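Student: Could you look at this predicted model? Sequence included:
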Amino acid sequence: MLLIERSPNAGLYILLGDFTGHGLASAIGAIPITRAFQTMAEKGISVGEIAETFNRTLLDFLPGGMFFAAAVIEVSESGRTIDIWNGGLPHLILTNPEGKIVKRFESKHMALGILDPEDFEKDVERYEGEYGQRLFGYTDGVIELSDADGEMLGEDGLEAWIESDPGIKTTEIMEKIKGYQASKEQADDITMFSYEFQTLGLSKQIAQLPKVPFDLTLNLDANELKTGDPVSQIVEMISGHMAFHGIRSNIFTVISELYNNALDHGLLKLDSKLKESPEGFMEYFGERESRLFNLQEGNIEIHASYVVEPAQIVFSIKDSGEGFDTQNIATQADSDNTFGRGVALVAELADKLEYTEGGTRVDAVFLISDQA
């Protein structure tokens, strides 16, 4: 399955997927996934939310033992920044203008339709590339092809084809596939795409801004922090208006990052340095789960307000923790550690970001125009 839709923020959404099995049985989830993808793309929903919705839908819809390996990708308005959620597909390949592979986007999640909602992980990988780079995505039917000697093409074989011709097209790769496979009968579904980083030239969705201001406040105590995901609920309430669809994905990313920082570092006192290695990453989330389970006190207040003139949405997140030295924010944003990268990402997506009250409060501002 390959679907492409425009986003209201003048970008693109791409869905590449592969259901288990073959024929009619494997196509049972195609209709609900297609409809859901089109609806969510129209609303500007973030990649992580899209994947989460797909997972929940397929758990209800698919027969036992079936699942959907998929990659959900959002291309920004600039045409060179991408968010990727990859669950169960082979790694996506990024090449430079000379055709050499510079990065592989590995699958970091289980396929859709397997995990229960409370176990689902919707974190995404963001990459800011350069014009002329190309992104290749493909299903496992490509690399599992066998020649007359029974040798599978494999990832190495496909990558060799791609690097041998900087301008190779997917149609040309398909011709190579036909020449490589021993059997004329196709054993598995084959789907591919390539996207060249480029200026998109798309127009933003136009919608009239709300004329009435509003405020929304959530105050979450220790018990409430254990039981739910307030970010998705807040974003759903705030961005229901069409005028906010174009910034919904950015809002979700920023508020998720700021809320998790408040919870993980403000209340649970976790150290991001743990996440600098794969083993530490697992240790971090194991410790997070343990500390959250044992949390007895503390609160996080989230305040969101829409201001009519100048049109903007302002978010404030305040935690009851001890805070941190806000003078180090610039240094952390320039660093390579996980927390530093998160700070840099938030600062890039929000129009204004400010830490106050000893680091226990952060305000993020999103300016809105009639083109958003």
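Tutor: Happy to help now that I have it. Numbering: from 1, shown residues only.
Student: Count the neighbours of Val212 for me.
Tutor: Close neighbours of Val212, defined as other C-beta atoms under 10 Å, add up to 6. Yep, even glycine has a C-beta here, placed from its N, CA and C like the rest.
Student: Find the residue closest to it in space, skipping its chain neighbours.
Tutor: Val308 (7.3 Å; C-beta to C-beta, 6 or more residues apart in numbering).
Student: neighbours of Ala30, just the number please.
Tutor: Residues near Ala30, counting by other C-beta under 10 Å: 14.
Student: excluding its backbone neighbours, what's nearest it?
Tutor: Nearest to Ala30 is Met1, by C-beta to C-beta, 6+ apart, at 6.1 Å.
Student: same deal with Gln38?
Tutor: Glu5 (6.0 Å).
Student: could I get the helix or strand hosting the one you found in CSV with only the CA atoms?
Tutor: Assigned by DSSP states H and E, Glu5 belongs to strand 2-6. Output of strand 2-6 as CSV, limited to C-alpha atoms (Å, rounded to 0.1, in the frame of the first residue of the first chain):
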residue,chain,number,x,y,z
LEU,A,2,1.3,3.5,-0.9
LEU,A,3,-0.8,6.6,-0.1
ILE,A,4,0.3,10.3,-0.5
GLU,A,5,-1.8,13.2,0.7
ARG,A,6,-1.2,17.0,1.1
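Student: Start the count at 53 instead of 1 going forward.
Tutor: Renumbered: residue one is now 53, and that last one reads strand 54-58.
Student: Okay, buried residues for it please.
Tutor: In terms of neighbour count (16 or more other C-beta atoms under 10 Å), strand 54-58 has its buried residues at Leu55, Arg58.
Student: which strands and helices sit next to that strand?
Tutor: strand 64-71, helix 82-95 (3 or more C-beta pairs under 8 Å, 6 or more residues apart in numbering; DSSP states H and E).
Student: And the longest one, what does it pack against?
Tutor: Taking 3+ C-beta pairs under 8 Å, 6+ apart as contact, the helices and strands that helix 82-95 lies on are strand 54-58, strand 64-71, helix 99-113.
Student: so the first one versus helix 82-95, what angle?
Tutor: With axes from the mean of the first three to the mean of the last three C-alpha atoms, to 10 degrees applied, the angle from strand 54-58 to helix 82-95 works out at 20 degrees.
Student: Can you list the strands that strand 54-58 pairs with?
Tutor: Applying DSSP bridges, strand 54-58 is found paired with strand 64-71 (antiparallel).
Student: Pull the distance from the partner strand to the chain's centre.
Tutor: Averaging C-alpha positions (C-alpha atoms, centre = their mean, to the nearest Å) puts strand 64-71 13 Å from its chain's average.
Student: Just want the angle from that strand to helix 99-113.
Tutor: 30 degrees.
Student: Using CSV, write out every CA atom in strand 64-71.
Tutor: What follows is strand 64-71, C-alpha atoms only, in CSV (Å, rounded to 0.1, in the frame of the first residue of the first chain):
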residue,chain,number,x,y,z
LEU,A,64,3.1,16.0,2.3
TYR,A,65,2.1,12.8,4.1
ILE,A,66,3.3,9.5,2.8
LEU,A,67,2.1,6.1,4.0
LEU,A,68,3.9,2.9,2.9
GLY,A,69,2.6,-0.3,4.3
ASP,A,70,2.4,-4.1,3.9
PHE,A,71,-0.3,-6.3,5.5
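Student: Can you give me the buried ones in that strand?
Tutor: Buried, per 16+ other C-beta under 10 Å, within strand 64-71: Leu64, Tyr65, Ile66, Leu67, Leu68, Gly69, Asp70, Phe71.
Student: any idea which of these is closest to Gly184?
Tutor: Distance ranking of these against Gly184, using C-beta to C-beta, places Leu64 first at 17.1 Å.
Student: burial measure for the nearest residue to the closest one once chain neighbours are set aside, as a count.
Tutor: Among residues not flanking Leu64 along the chain, Val127 sits closest, at 4.2 Å (C-beta to C-beta, 6+ apart). By the criterion of other C-beta under 10 Å, Val127 has 24 neighbours.
Student: circling back to that earlier point, as CSV, the helices and strands packed on helix 82-95 with distance to Lys321 would be great.
Tutor: Listed next are the helices and strands packed on helix 82-95 as CSV, based on distance: least, C-beta to C-beta, whole Å:
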stretch, distance to Lys321
strand 54-58, 42
strand 64-71, 37
helix 99-113, 25
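Student: I figured Thr109 hits Thr86, correct?
Tutor: No: with contacts counted by C-beta atoms under 8 Å, Thr109 stays clear of Thr86, the gap being 11.3 Å.
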